[in-house]
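*Asks:* Could you look at this predicted model? Sequence included:
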Amino acid sequence: AGVAAVEPRDRVVEATETRLDQVATAFAWIIDAKSSFTFEHSDRVGGIAAAVARRLGFTEAALTRLRRAALMNDLGKLAVPNAILDKPGALTPDEWTVVRRHPYHTWQILRRVPIFAELADDAANHHERLDGGGYFRGLDGPRLTMTARVLAVADVADALMSARPYRAAMPIDRVLAIIEGDAGTAFCPDCVVALREVLVERA
């Protein structure tokens, strides 16, 4: 409180909606620059998620919140070594354990930032699944918001459509076949239907 009292007023930055979007975008740039294989991933996830959410009737306020969560959902990957992120072969069990902890780190970071704390759970839940088989907490459907459900399909869709060290990018029909095969178990069926509409429209 003492430090805040003597802080020059002209150095105080107001947390406007535009400023919050800029901060979220800056976080995304930092995250995605960590590996060439994740370049612009967070921004693409945000775009896919927003398009899916519009088809599901999200309000403008909910869309804004969703996009910010999407931009910061992989913050925890800053704790994953590049030797793992860029590994061209199969990961060892120990390496998978490190990767599966990244949503936990996302949650830990965001919940400590007051202006983004309310996004922490949804951003960190993008690898959770309806049947409870996801990570990092193993949450099931009743405990997953629509924002988290939309982020889950958007994240997987972009990951599958993008090249990785261990495989080439997949075509849209293959991506949809994989995701639709897990509709109702891993992914929200309504989100999957909306995702198909979005991807086919963009093809």
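*Replies:* Yep, it's here.
*Asks:* so how many other residues sit close to E17?
*Replies:* When counting by other Cβ atoms under 10 Å, one arrives at 10 neighbours for E17. The way it works is simple: take the backbone N, C-alpha and C, and place the C-beta from them, glycine included.
*Asks:* Check the closest residue in space to it that isn't next to it in sequence and give its pLDDT.
*Replies:* Distance criterion Cβ to Cβ, 6 or more residues apart in numbering; nearest residue to E17, sequence neighbours excluded, is T64 at 7.3 Å. Per-residue pLDDT puts T64 at 96.
*Asks:* buried ones in the strand or helix carrying T64?
*Replies:* Element membership of T64, judged by DSSP states H and E, is helix 60-72. Residues of helix 60-72 classed as buried: A62, L63, T64, R65, L66, R67, R68, A69, A70, L71, M72 (neighbour count, 16 or more other Cβ atoms under 10 Å).
*Asks:* ok, of those residues, which one's closest to I48?
*Replies:* A70 (8.4 Å; Cβ to Cβ).
*Asks:* Check the gap between the closest residue to that closest one other than its chain neighbours and E118 for me.
*Replies:* Nearest residue to A70, sequence neighbours excluded (Cβ to Cβ, 6+ apart): G46, at 3.7 Å. Using Cβ to Cβ, to the nearest Å, we find G46 at a distance of 17 Å from E118.
*Asks:* Compare neighbour counts for these two and give me the winner.
*Replies:* The residue with more neighbours, out of G46 and E118, is G46; 25 against 12, by other Cβ under 10 Å.
*Asks:* quick revisit: now, which of the buried residues of helix 60-72 sits nearest V193?
*Replies:* Nearest to V193, judged by Cβ to Cβ, of the buried residues of helix 60-72 is L66 at 17.5 Å.
*Asks:* mind listing what the residue positioned nearest the centre of the chain touches?
*Replies:* Computing the C-alpha centroid of the chain and ranking residues by Cα atoms, centre = their mean puts N73 first, at 3.5 Å. By Cβ atoms under 8 Å, 6 or more residues apart in numbering, the contact set of N73 is S42, V45, P103, T106, A123, A124, H126, L151, D155.
*Asks:* Understood, closing this out.
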